[in-house]
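*Asks:* Have a look; sequence and predicted model below, questions after that.
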Amino acid sequence: MLTTLAKPRPDWLAAIQDEASRRTLTSLWALALALRDEAIDSVIWDEEGLLQRWLEGENGQPGFNAFIEMRGEKITAAVERHFHQLLNQQRLTVDDEQAENRCLFTDEPVAAADTIDKALGLYEVKVSAFSGRDNRLETITSERSQTHVGLISVAEHKLRSRIHEGKGGKPDGVPTLISSPSTSGLFGGLGLSNSHQLLTPLSSYDLSRLEIKKDAVVYDGTGIYSQRYRVARFERMPEKLEGQLTFLELLLRACRRLGRPIHIFRGLPTPQRAFFHCDAMPRLLAHLIGGSSLRLEQLPHAIKQLQLAKIILETNGLGYDVLMLYASPRTRFAALCLAWCRLHDDLKESAKAQKAGSLRFAQAELEQQFIQQLEDNPMSEHDGALVRLGQAAARIQRQPLASASNSEEMLVYKLCLDFAEKAYAHRQTDEASLINGIASELETNLVRKDKMAASRHRDSHSLRDECISVAEQFVREVWQGVLKQRPCAQRSRSILGSIYRMSFIRAVRVKKDEQNVVSESLPIEP
């Protein structure tokens with residue numbers, strides 16, 4: 001360097017004994033000269049200058065670049081080998097399968113020296129996070145992180161970083177899902193226009209967005225057929241259930257809007273014949289909408305199910321526990337009765353509230369499912385016993401008013417259950433005694449409170465005979481069959497009561513409608 005500068009170094013600088021300090025100050029001195037002298041600046045910085053000769057070498061002497069290890073060549077070779085093995089249906093291999101460390105994402109063997117740092121720029125990968133995984137050298141007391149990521153995963157997350165820079169927005173953690181047929185297949189990543197160097201990303205919100213705003217990507221209907229898009233490619237499945245419901249609803253709506261399939265994969269994409277498919281869908285959501293794969297005609301019902309689930313989740317008194325019951329096919333009937341009764345009460349109290357529209361939608365949808373369950377699907381013996389009891393109670397109790405209290409709608413059920421529990425407390429278990437006692441309790445209270453049904457609803461049978469019939473049905477099917485002649489817990493009492501209540505309200509409405517039809521069909525006498 002001193003020969004190239006052709007200027008003597010100052011004596012005070014040459015007299016410094018510490019080599020590192022002397023070299024550092026000499027570099028600063030050369031920089032100061034270059035700032036004042038263009039010739040010196042050119043000798044150092046221009047092409048064929050001193051720094052370039054140092055970096056690349058000359059006359060057979062290696063440069064500094066020969067000693068700088070870069071990941072690029074290794075990553076490129078690993079990705080090439082990875083796709084070659086996939087295309088030829090070979091087992092995926094790595095350079096050293098005996099390595100003790102493991103990739104944070106794929107669990108493939110990784111050499112101990114292949115750690116990552118923040119400068120590598122992987123999308124949303126926390127370098128210093130302690131995970132406690134096996135075969136990781138990192139400890140809680142370690143000052144230096146040793147997070148290992150395989151070469152294929154490095155390429156994937158570097159690509160995600162580059163796409164996110166062009167997409168903008170706030171990072172939202174490491175994505176867990178990738179999609180869709182728009183970017184799958186051997187040539188799925190190729191754009192069809194030279195003007196698009198990077199594939200345009202379309203998030204789940206972009207697919208549902210209608211209003212065109214500045215810097216906002218809006219799907220315009222035919223654009224997806226003229227170029228390639230990344231559809232929800234780098235989005236992350238929310239961790240909370242409420243966010244998962246919204247995310248899945250957006251994707252299903254996008255699927256209908258695009259008019260083409262959307263497939264979402266956590267791992268390697270596989271051929272699917274479904275219109276919508278998600279291999280990493282949470283089990284609760286899969287039960288709720290009917291599975292991880294849906295046909296085109298199943299999408300409207302699945303969207304309604306997600307909307308209904310959000311209302312159940314947000315309603316006081318229902319929430320996550322009731323949604324879990326509703327999602328499971330085995331307990332769905334009981335859960336929909338419980339949810340319907342709660343929404344029925346809320347609408348009485350807040351008929352003009354802002355959420356009244358959504359509550360009516362949910363109530364109507366639940367009632368439609370209730371009717372369909374009665375007509376098409378066989379119920380369990382427990383549920384059927386309460387349904388039949390509600391239908392029988394409609395023969396002895398008149399239809400409550402729209403503003404009637406919960407107690408009035410549950411009158412027959414409570415009278416039966418309270419008498420049976422009192423008899424159980426006094427060790428009265430004889431069947432005939434229970435039937436006669438419950439029948440007497442029903443007749444007395446219905447007459448005293450003026451709640452008995454009109455004789456036309458009892459097919460002209462006496463109130464006493466119908467009360468005995470209801471008492472027999474309660475004792476034999478509910479008390480002895482469902483409850484096993486024991487008082488039930490409060491939770492079970494609420495669920496059983498909701499099944500009865502919804503069945504009773506539905507039954508009295510049907511009887512009233514039938515009576516109105518009969519009245520309208522009668523001839524008018526002159």
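*Replies:* Structure received.

*Asks:* Tell me where the longest helix sits in this structure.
*Replies:* Longest helix in the chain, counting residues (DSSP state H): helix 490-521.

*Asks:* What mean pLDDT does that one get?
*Replies:* Computed over helix 490-521, the mean pLDDT rounds to 79.

*Asks:* Work out the gap between it and the centre of the chain.
*Replies:* Centre-to-centre, helix 490-521 and its host chain are 35 Å apart (Cα atoms, centre = their mean, to the nearest Å).

*Asks:* cool, stretch 13-27 as well?
*Replies:* Counting by Cα atoms, centre = their mean, stretch 13-27 comes out at 63 Å from the chain centroid.

*Asks:* Buried by neighbour count: which residues of stretch 332-348 qualify?
*Replies:* 332-344, 346-347 (16 or more other Cβ atoms under 10 Å). Bear in mind the C-beta positions are built from the backbone N, C-alpha and C, glycine included.

*Asks:* Likewise for stretch 64-81?
*Replies:* Under the neighbour-count criterion of 16+ other Cβ under 10 Å, stretch 64-81 has 75, 78, 81 buried.

*Asks:* Show me these that map onto helices.
*Replies:* Counting by DSSP H, the buried residues of stretch 64-81 contribute 75, 78, 81 to helices.

*Asks:* Let me have the residues you listed in TSV, extended by pLDDT.
*Replies:* Shown next, in TSV, are these (pLDDT from 0 to 100):
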residue	pLDDT
75	88
78	89
81	91
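
*Asks:* thought residue 236 was touching residue 173?
*Replies:* Yes. Using Cβ atoms under 8 Å, residue 236 is in contact with residue 173, at 5.1 Å.

*Asks:* more neighbours, those two?
*Replies:* A count of neighbours by other Cβ atoms under 10 Å puts residue 236 above the other of residue 236 and residue 173, at 16 against 13.

*Asks:* Work out for me the element that one sits within.
*Replies:* If you go by DSSP states H and E, residue 236 is not part of any helix or strand.

*Asks:* pLDDT value on it, please?
*Replies:* Note on residue 236: pLDDT of 75.

*Asks:* and the gap between it and residue 266?
*Replies:* To residue 266, residue 236 is 11 Å away according to Cβ to Cβ, to the nearest Å.

*Asks:* What residue in the chain is the furthest from its centre?
*Replies:* Residue farthest from the centre of the chain, counting by Cα atoms, centre = their mean, is residue 11 at 72.5 Å.

*Asks:* returning to what we had before: using JSON lines, lay out the buried residues of stretch 64-81 together with distance to residue 326.
*Replies:* Below are these laid out as JSON lines (distance: Cβ to Cβ, whole Å):
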{"residue": "75", "distance to residue 326": "48"}
{"residue": "78", "distance to residue 326": "47"}
{"residue": "81", "distance to residue 326": "48"}
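
*Asks:* what about the strands in the stretch 1-150 of the chain?
*Replies:* Remark: strands assigned in the stretch 1-150 of the chain by DSSP state E, counting those that start in this stretch are 57-58, 61-62, 101-102, 109-110.

*Asks:* right, and those strands - which one's nearest residue 405?
*Replies:* Closest to residue 405 of the strands of the stretch 1-150 of the chain is strand 101-102 (Cβ to Cβ; 62.7 Å).

*Asks:* Neighbouring strands - and their directions - for the closest one?
*Replies:* Paired neighbours of strand 101-102 in the sheet (DSSP bridges): strand 109-110 (antiparallel).

*Asks:* got the contact list for the strand it pairs with?
*Replies:* The contact list for strand 109-110 (Cβ atoms under 8 Å, 6 or more residues apart in numbering) reads 94, 96-103, 148-150.

*Asks:* which residue is nearest the centroid of this protein?
*Replies:* Centroid-nearest residue in the chain: residue 244, 2.4 Å away (criterion: Cα atoms, centre = their mean).

*Asks:* tell me the secondary structure for the closest residue to it other than its chain neighbours?
*Replies:* Counting by Cβ to Cβ, 6 or more residues apart in numbering, residue 244 lies nearest to residue 238, which is 5.3 Å off, once chain neighbours are set aside. Here residue 238 is coil, with the state taken from DSSP: H, G, I helix; E, B strand; the rest coil.

*Asks:* how close does residue 238 get to residue 412?
*Replies:* From residue 238 to residue 412 the distance is 45 Å (Cβ to Cβ).

*Asks:* Just give the nearest non-adjacent residue to residue 284, would you?
*Replies:* residue 327 (4.8 Å).

*Asks:* quick one, what contacts the one you found?
*Replies:* Neighbour list for residue 327: 284-285, 287-288, 309 [criterion: Cβ under 8 Å, 6+ apart].

*Asks:* hmm, which two among those are most spread apart?
*Replies:* 287 and 309 (10.6 Å).

*Asks:* higher neighbour count, these two?
*Replies:* Between residue 287 and residue 309, counted using other Cβ under 10 Å, residue 309 has the larger neighbour count: 24 against 18.

*Asks:* Cross-check the contact I'm expecting between that one and residue 288.
*Replies:* Yes. The pair residue 309 / residue 288 is scored as a contact, 5.8 Å apart, by Cβ under 8 Å.

*Asks:* Residues that sit against both of those two, list them.
*Replies:* Common neighbours of residue 309 and residue 288 (Cβ under 8 Å, 6+ apart) are 326-327.

*Asks:* residues in contact with residue 55?
*Replies:* The neighbours of residue 55, taking Cβ under 8 Å, 6+ apart as the test, are 63-65.
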